[in-house]
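[1] Quick one, what's the 3D model for this:
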Amino acid sequence: MKQFRNNVIRAGLEALYVTRAHYLLRPMFAGLGGIFMLHHVRPSREHGFQPNQHLEITPEFLHATLNHLRARSIDIVTLDEMHRRLIERDFARRFACFTFDDGYRDNRDFALPVMREFDAPFTVYVASDFAEGTGRLWWVALEMVIARTDSIELEIGGTTLRLDTSTEDARQAAFDRLHDWIRALPDEQAVRHVMSTLCARYGVDENAISRDLCMSWDELKSFADDPLVTIGAHTISHCNLARQGEDAALREMATSRSRIEAELQRPVDHFAYPYGDRMAATPREFALARAAGFKTAVTTRPGMIFAGCADYLTALPRVSLNGNYQDRRILPVLTSGAATAMWNGFRRIDAA
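    Predicted coordinates:
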């Protein structure tokens, strides 16, 4: 199903490019600019089974994106500058912001050199448990479990389920099924229980994953000293906030902020909702982010930034730089707003 959806999206992007429809839609839907969403930036990996590949792009594609924006005289600005332009209604020039979720080490090793080449500022949203080396990146753990066995056995709803993982297609099908099931579990305790069971059964050290992939506090301190870098908050544990009680959700937001500020000795004014879709970031969470004092908060809902977003600063949409669609030809489509407009039924603001 996910592969089918990816194929449909790819075909839609291709159709917009080939028909040049994005040129017609750009005056109406390009808006004031966009916030780009990224996770990993690193060289391509060779092995075939990469179910989380959508979360990574190559340094070369990041370079192409920045070059595209510069060639079109689009300002690359900080979130603070975007916030100022929205509040003061300074709409003279289009802009782009770059945001990276989770705090991966490759943001420093591979993204930062490219951003420096273009003198382009960016924000990294840090989940504080990841920086402390205690966080659980369950989607990575699930990939590692499936990659090392020819079959998966686990209990779902009192029934033992066995999934074939002996071929690349079977692994992808198993990952898609388990990923969607885990995302639908009622709370974070259930997610941790399932993944801890799977990791113990199939020999994956889930506790080492955040230490291997994410920057530690010491690394973040030197990273944040770069004048191009802004650090934002991404909760304590990377939980689905919509499944938390109101007090717990607010604590995830506020405590992650205070931990980062204490460790890095700098203010944290911007927030990203984990998962960030309609099921994980709702009007309740938007209100909580305002109550926590964040200047902006970003979702994963696709969309460009319009003047009306000034009324929804804690419900901002983003444009995904997705590893499944690393084609330079689609960059004019992405910056035109055509693709996100079609996804949103041609609504400019989606904050409900």
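
[2] Can you classify the nearest residue to Val194 once chain neighbours are set aside by secondary structure?
    Nearest residue to Val194, sequence neighbours excluded (C-beta to C-beta, 6 or more residues apart in numbering): Ile182, at 6.1 Å. Where C-beta positions appear, they are placed from N, C-alpha and C, glycine not excepted. Here Ile182 is recorded as helix under DSSP: H, G, I helix; E, B strand; the rest coil.

[3] So Ile182 sits against Trp138, correct?
    Yes: using C-beta atoms under 8 Å, Ile182 makes contact with Trp138 at a distance of 6.6 Å.

[4] Which one's more surrounded, those two?
    Relative neighbour count places Trp138 above the other of Ile182 and Trp138, with 23 against 16, counting by other C-beta atoms under 10 Å.

[5] Dihedrals phi and psi, the more buried one?
    Per-residue torsions, Trp138: phi -70, psi -30 (degrees, to the nearest 10).

[6] Could you list the low-confidence segments of the stretch 251-352 of the chain?
    The stretch 251-352 of the chain contains no residues with pLDDT under 70.

[7] can you give me the strands for it?
    270-272, 296-302, 316-320 (DSSP state E, counting those that start in this stretch).

[8] Is it possible to get JSON lines of those strands that adds mean neighbour count and distance to Met215?
    What follows is the strands of the stretch 251-352 of the chain, written out as JSON lines (neighbours: other C-beta atoms under 10 Å; distance: least, C-beta to C-beta, whole Å):
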{"stretch": "strand 270-272", "mean neighbour count": "28", "distance to Met215": "16"}
{"stretch": "strand 296-302", "mean neighbour count": "24", "distance to Met215": "20"}
{"stretch": "strand 316-320", "mean neighbour count": "23", "distance to Met215": "21"}
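
[9] follow-up on the earlier one: touching both of Ile182 and Trp138, which residues are there?
    Residues touching both Ile182 and Trp138 (C-beta atoms under 8 Å, 6 or more residues apart in numbering): Val191, Met195.

[10] ok, and what's touching the one helix or strand Leu198 maps to?
    Here Leu198 is covered by helix 188-202, with elements defined by DSSP states H and E. The contact list for helix 188-202 (C-beta under 8 Å, 6+ apart) reads 136, 138, 141-142, 145, 148-149, 152-154, 182, 185, 204-206, 237, 239-240, 243-244.

[11] and what of stretch 169-187?
    Under C-beta under 8 Å, 6+ apart, the answer for stretch 169-187 is 1-3, 49, 51, 138-139, 142-143, 146-147, 152, 154, 156, 163-165, 191, 194-195, 240, 243, 275.

[12] Separate out the buried members of those residues.
    With burial judged by 16 or more other C-beta atoms under 10 Å, the buried subset of these is 49, 51, 138-139, 142-143, 146-147, 152, 154, 163, 165, 191, 194-195, 240, 243, 275.

[13] Now stretch 117-133 - C-alpha only, CSV.
    Extracted as CSV, the C-alpha positions of stretch 117-133 are listed here (Å, rounded to 0.1, in the frame of the first residue of the first chain):
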residue,chain,number,x,y,z
GLU,A,117,28.5,26.7,1.3
PHE,A,118,25.2,28.7,0.8
ASP,A,119,25.4,30.6,4.1
ALA,A,120,22.0,29.2,4.8
PRO,A,121,20.6,29.1,8.3
PHE,A,122,18.6,26.1,9.6
THR,A,123,16.9,24.7,12.7
VAL,A,124,17.4,21.3,14.3
TYR,A,125,14.6,20.1,16.5
VAL,A,126,16.0,17.9,19.3
ALA,A,127,14.2,15.2,21.3
SER,A,128,16.0,15.5,24.6
ASP,A,129,16.0,11.8,25.3
PHE,A,130,17.8,11.2,22.0
ALA,A,131,20.5,13.7,23.1
GLU,A,132,20.8,11.9,26.4
GLY,A,133,21.3,8.6,24.7
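
[14] What residues sit buried inside that stretch?
    For stretch 117-133, by 16+ other C-beta under 10 Å, it's 118, 120-132.

[15] Please identify the helix or strand for the residue nearest to His63 when sequence neighbours are not counted.
    Leaving aside its chain neighbours, His63 sits nearest to Val114 (5.2 Å; criterion: C-beta to C-beta, 6+ apart). Using DSSP H and E, Val114 sits in helix 112-117.

[16] now what about that helix, what contacts it?
    If you take C-beta under 8 Å, 6+ apart as the criterion, helix 112-117 is touched by Val41, Pro59, Leu62, His63, Leu66, Phe98, Pro121, Phe122, Phe223, Asp226, Leu228, Val229.

[17] The closest residue to Ala287 other than its chain neighbours - how many residues pack around it?
    Of all residues not flanking Ala287 in the chain, Thr314 sits nearest, at 7.7 Å (C-beta to C-beta, 6+ apart). Using other C-beta under 10 Å, Thr314 is surrounded by 24 other residues.

[18] Skip ahead from the host helix or strand of Leu25 and say which helix or strand is next.
    Assigning secondary structure by DSSP H and E places Leu25 in helix 21-29. Note on helix 21-29: by DSSP H and E, the next helix or strand toward the C-terminus is strand 33-38.
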